[in-house]
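Please find the sequence and the predicted model below.
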Amino acid sequence: EWVYNGKTLVIHQQLPETSDKKVQIPEQTRKEIDQLFKKIDVSKLESLTPPSTNHQFDGARHAAFTVEMNGKKYQVPTFDHGNPPDYIKNVLEKLEKLASE
């Protein structure tokens, strides 16, 4: 599960041999991510439909994404890893790039 709160990205690992990863987001990158979030309505995140559901029968790893804004959490329904809903794809690609640095 990935949790983004505007200043950090926390990646909770499901595997027992790995630990959570916390990424501090540089100010310039935060501004870029904020611009991406301005293009979406976070209240719609919880009702998104994933483009595929292979994770439901072990056909793909599952992914989860939570956004914390203004003291409220918005949980995107579980989706196949690497195939997020188009509505949040740009945000996740930006965060994924940051997480891999």
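Ah, there it is.

which residues does the most centrally placed residue in the chain contact?
The chain has residue 65 as the residue nearest its centroid, 3.6 Å off, counting by Cα atoms, centre = their mean. Each residue near residue 65 by Cβ atoms under 8 Å, 6 or more residues apart in numbering is listed here: 1-4, 75-76, 84, 88, 92. Using the backbone N, CA and C atoms, a C-beta is placed for each residue, glycine as well.

which among the residues you listed end up buried?
1-4, 76, 84, 88, 92 (16 or more other Cβ atoms under 10 Å).

In strands, which of those residues appear?
2-4, 76 (DSSP state E).

List the buried residues of stretch 11-30.
Those would be 11, 23, 25, 29, for stretch 11-30 by 16+ other Cβ under 10 Å.

Against residue 26, how distant is the first one?
Residue 11 sits 17 Å away from residue 26 when distances are taken as Cβ to Cβ, to the nearest Å.
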